[in-house]
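Visitor: build me a model:
(chains A and B)
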2 protein chains.
Amino acid sequence: MVEHMKWWGWGQEGVSFHHEDKPGLAPFVLERVDLDLHGPGAPVPDFAKFSVPPSQAPGPLREALVAAVGAGHVVDDDLDRVVHAYGKSLRDLVRIRRGDFGRVPDLVVYPGTEQEVEAVLRAALDADAVVIPFGGGSNISGSLEAPRAETRPVLSVDMGRMNALLEVDETSQVARIQAGALGPHLEAQLNGRGWTLGHFPDSFKHSTLGGWIATRSSGMQSDRFGDIADITRAVRVVTPKGVVATRNVPSQSTGPSVREMVLGSEGRLGIITEATVQVHRIAEERVILAYFFPDYGSGLRAMHDIAASDASPSITRVSDANETAFTFATSKKSSGLSAMLSRGVKLYAQKRKGMDLSQMCLSFIGFEGSAAHVKRSRTLVGEIVAKHGGFCVGAGPGKLYDQKKFDTPYIRDFILDRGAIGDVSETSSTWATLETVHDNVVAAANRAFDQIGVKGFIFCHLSHSYHMGACQYFTFAYVASGRRDELEEYDIVKGAIQQAFIDNGATLSHHHAVGREHSRWWEQDVSPAGAAIVRTLLDGVDPGRNLNPGSITG
Amino acid sequence: MVEHMKWWGWGQEGVSFHHEDKPGLAPFVLERVDLDLHGPGAPVPDFAKFSVPPSQAPGPLREALVAAVGAGHVVDDDLDRVVHAYGKSLRDLVRIRRGDFGRVPDLVVYPGTEQEVEAVLRAALDADAVVIPFGGGSNISGSLEAPRAETRPVLSVDMGRMNALLEVDETSQVARIQAGALGPHLEAQLNGRGWTLGHFPDSFKHSTLGGWIATRSSGMQSDRFGDIADITRAVRVVTPKGVVATRNVPSQSTGPSVREMVLGSEGRLGIITEATVQVHRIAEERVILAYFFPDYGSGLRAMHDIAASDASPSITRVSDANETAFTFATSKKSSGLSAMLSRGVKLYAQKRKGMDLSQMCLSFIGFEGSAAHVKRSRTLVGEIVAKHGGFCVGAGPGKLYDQKKFDTPYIRDFILDRGAIGDVSETSSTWATLETVHDNVVAAANRAFDQIGVKGFIFCHLSHSYHMGACQYFTFAYVASGRRDELEEYDIVKGAIQQAFIDNGATLSHHHAVGREHSRWWEQDVSPAGAAIVRTLLDGVDPGRNLNPGSITG
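Guide: Predicted coordinates for the structure are as follows:
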């Protein structure tokens, strides 16, 4: 059995965000976006009340699929089809709650082997059907839906049955893993043998190895372990040209890299069936420390210096002042985070007399490795932080952050149920441009809030550091005005943020992919000639536009 | 003026390898491959004695090119055309000495700006001409020649005038550099501002940034600085679809990466005009230490453990026993290397009584960074080396290695002038397979030597380490039997080595590219479906096969 997230929202059935134990949140949200958190929120939508467009799969296609994977693994059940209609973008959440299911797949197919995937793809191409690979369904860029006007049969190919750790080569520190393995399952299998992949995106609990590769994902500890593009050393992909199998080698100069074309391909080249990935021995020590900086600029400059140093931390994260205030507001009374942070603030006020407390920024820096490495790295980081006017407030808040790091996406559903739109957009740019990108994105969002006449809130953190720059991750929220369609209004805000990325030399997405959500900015991002080259590749491999048509290229 | 290497061989006019000051070499070479180094060697070929096929460039194409770059930069001089006919592979050296110039380019064009490159490409496509981009001309994979039967006009586009360091972004630690910049010129410009690129391939003195990118090059210090694929963060390329300009950002999830498609494209997608590359502050300390291991397997296992440790050296290199013996034989009496190594051997014999001295392996490990990093790293490496039965013999040999590291390619010409074939083949594979790859490649080469009836010699070193594996670099030599065409004979040996790479799970080239020399193994390397995907890309961007046709895909 393949488990899925809630059909109508993020995460596990029965798990949701609550604010009752976070006394600071309701007043904070009321002040910042005029949203009253008291009150019941919208009820869970009743699936029975919605009408789902019937499956239009032609008989011969269905028979070919049944022959390929067995009758039990070709599903036309309405709920299963709706689960596979979208990912979990804000747009998806709004539409699904409305009962607007778009072009629902006609069949969901669950192959169990690579040979079955080949047979599925063959059957689909023979029937001129559309094929959309599906991992955990956590995508928030619109990479999982068929075009609304698609008249051909649509198949969602769910890779959830192909979730095994096939092999660990302990000498070479690589593991061969099937593409449908979800984060926790994959880590549990590796941890059982003393290894870790080290890839922990926000979506970790509900996303798969194949999905990470197809979208060029990054994780919270990518500073240490690399992005999935670094971690993935070899891939197997079922394509219209046959099964692509790249070599399990560390590096090669073999022409334009096939492995790299598969990274970020979002199903446009075929279905990823397995990958060979770098794994690491579980580290001797692991700690996440919290720091305060007098303002975001100081925090950014400290992260820059840390990246240029020998410190090699596993996590570098610094929130801007708005996000810091939000983190304070969401801290549980019982958890002690609030108290810990308050002690930090008090310490801060003592140390930095006359400074503007409202500009204070919270930072988490992670250390992982041998005890000697962790010790040395902490010392180096401490010196750099001090140079930029910051200081450490200990390991307590980091421990809580680490425990709660995968819970954030639940908040979006919680506020949506109360009439507010909340979403994220992330980008990367050079160290020299980070602060300008930040300030101009915030300004663009605020102009958009003004344009639609709402009191909006936007905050940001630096989430990954590189030699030449970093990723900045923006979160924004506002109460829908009610004067326009809420998705039209959302487009104005989201569009302003994305355009500000592009206009300021940043990229349309650091690790969420292009999908349909960002395809408007794709040509601006990669240049028209670059876009023409990618189109040549995708259209050439898939001349019939059967493979996830519309994703990436629009 | 753009300077070129000797038309008939490697390197600078007037510079060549000598053996008189290396008393061990002549007896060694006589014993191992029956080659007598005494005697004058072949004289430098007299260009005037050869006949060069006349330029076949049609008038309108020539006029369009003159309009594009100016009359002084469109050259049909015979010597210049022959200089651009080939790279410097063994096959190229043999052919050029024979006066077999292949399909000599009809014109050599020297653009000075990206706009001029655009005009050149436009003129070429309008005239259905073939375009072969040319950097330093050091390629040894056959990436620089037109097909022998090409009937269309052939242009070599020499990028040597576009060699400027355009900009250093000191905050972001990146530099924008024109593609035609040669290694020493580029490093000198960066060093002048306190920076280094850190990319030092064997070809460094005669290769360009654009060439490195087009072939996915690696350098001797790539363990620290990364391969050129890691170093190169943004590219500009003049293609038939327009000017591709990728964003100057650290990482992005923007679909199949355009930047990555350009890496290793060998001119098949267009002409690279500039790149933004990571640069590093010149390190506080830099030292290369020499070590001995009881045998190659111990050395490999030590490199594995070093790669898995926190040591982060800048160079990891270990020679097999044959290469170690060769290094001893080529050491200058005056340099003291011989004496240093002899002291090392004596020490070794004392420390490891009863061990087989003929199996002893020399290793160089480089350390670069802050004084604290170098100290820590040396200690860590020392412990690992000791665990594997090795020991340090100091910094003296490493200093000499560092001074002489770019001289090795001259040896090939020297022995070729004396009737011997010498060449290199390199590959990468997982840690688990390294020793098997080594032994099977050596066995395959020895079988090939037997087949052609010569006394051959093959040796190898591990040259780069990664998390999951390493590069092994093989060098082989033998005296041509005289019973067959020497290139036919060479093919048997080179082919056996390359096929052994593929048959043992390694790749056809770690950093020398595919070109025409390795294209026979390309489909086996990337899988038939992978090859089909790359062909789709290349043929789609260049349907007329005007861009370096035949490179990579054969």
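
Visitor: which residue is the nearest non-sequential neighbour of residue A:161?
Guide: Counting by CB to CB, 6 or more residues apart in numbering or on different chains, residue A:161 lies nearest to residue A:112, which is 4.7 Å off, once chain neighbours are set aside. Quick note: C-beta positions are derived from backbone N, CA and C, even for glycine.

Visitor: is the one you found in contact with residue A:72, as I believe?
Guide: No - Residue A:112 is not in contact with residue A:72 according to CB atoms under 8 Å; the separation is 10.3 Å.

Visitor: more neighbours, the two?
Guide: Here residue A:112 and residue A:72 are compared on neighbour count by other CB atoms under 10 Å in any protein chain shown; more neighbours surround residue A:112, at 16 against 8.

Visitor: re the thing from before, what strand or helix carries the residue nearest to residue A:161?
Guide: Residue A:112 is part of no helix or strand when elements are defined by DSSP states H and E.

Visitor: phi, psi for it please.
Guide: Backbone torsions for residue A:112, taken as degrees, to the nearest 10, come to phi -110, psi -10.

Visitor: show me what contacts it?
Guide: Contact analysis of residue A:112 by CB atoms under 8 Å, 6 or more residues apart in numbering or on different chains lists A:69, A:73, A:161-162.

Visitor: what does residue A:408 give?
Guide: If a contact means CB under 8 Å, 6+ apart, then residue A:408 has residue A:202 as its contacts.

Visitor: try it again at 10 Å.
Guide: Applying CB atoms under 10 Å, 6 or more residues apart in numbering or on different chains to residue A:408 gives the contacts A:10, A:17, A:202, A:330, A:424, A:475.

Visitor: what about residue A:532, which SS state?
Guide: helix (DSSP: H, G, I helix; E, B strand; the rest coil).

Visitor: what about it, distance to residue B:244?
Guide: To residue B:244, residue A:532 is 9 Å away according to CB to CB, to the nearest Å.

Visitor: list the buried residues for stretch A:478-489?
Guide: Buried residues in stretch A:478-489, defined by neighbour count with 16 or more other CB atoms under 10 Å in any protein chain shown: A:478-480, A:486-487, A:489.

Visitor: what would the residues you listed look like in CSV with distance to chain B?
Guide: Output for those, formatted as CSV (distance: CB to the nearest CB, whole Å):
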residue, distance to chain B
A:478, 26
A:479, 30
A:480, 28
A:486, 27
A:487, 23
A:489, 26
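
Visitor: quick one: the lowest-mean-pLDDT helix or strand in chain A to chain centroid distance?
Guide: The weakest-scoring helix or strand in chain A, judged by mean pLDDT, DSSP states H and E, is helix A:337-351 (a mean of 72). Here helix A:337-351 is found 31 Å from its chain centre; the criterion is CA atoms, centre = their mean, to the nearest Å.

Visitor: low-confidence ranges in chain A?
Guide: Where chain A drops to pLDDT under 70, the residues are A:334-338, A:348, A:352, A:354.

Visitor: apply 50 and report the result again.
Guide: Within chain A, no stretch has pLDDT under 50.

Visitor: could you chop it up by domain?
Guide: For chain A, automatic domain parsing gives the domain ranges A:45-158, A:175-182+A:193-281, A:285-404, A:528-554.

Visitor: check the ones you listed for me and report the most buried one.
Guide: Of these, the one with the most neighbours on average (mean count of other CB atoms under 10 Å in any protein chain shown) is domain A:175-182+A:193-281, at a mean of 25.

Visitor: span of that domain from start to end?
Guide: Domain A:175-182+A:193-281 has an end-to-end distance of 12 Å (CA to CA, to the nearest Å).

Visitor: from the chain's centre, how far out does that domain sit?
Guide: Distance, stretch centre to chain centre, for domain A:175-182+A:193-281: 15 Å (CA atoms, centre = their mean).

Visitor: next one: stretch A:454-469 to chain centre, how far?
Guide: Relative to the centre of its chain, stretch A:454-469 is centred 14 Å away, using CA atoms, centre = their mean.
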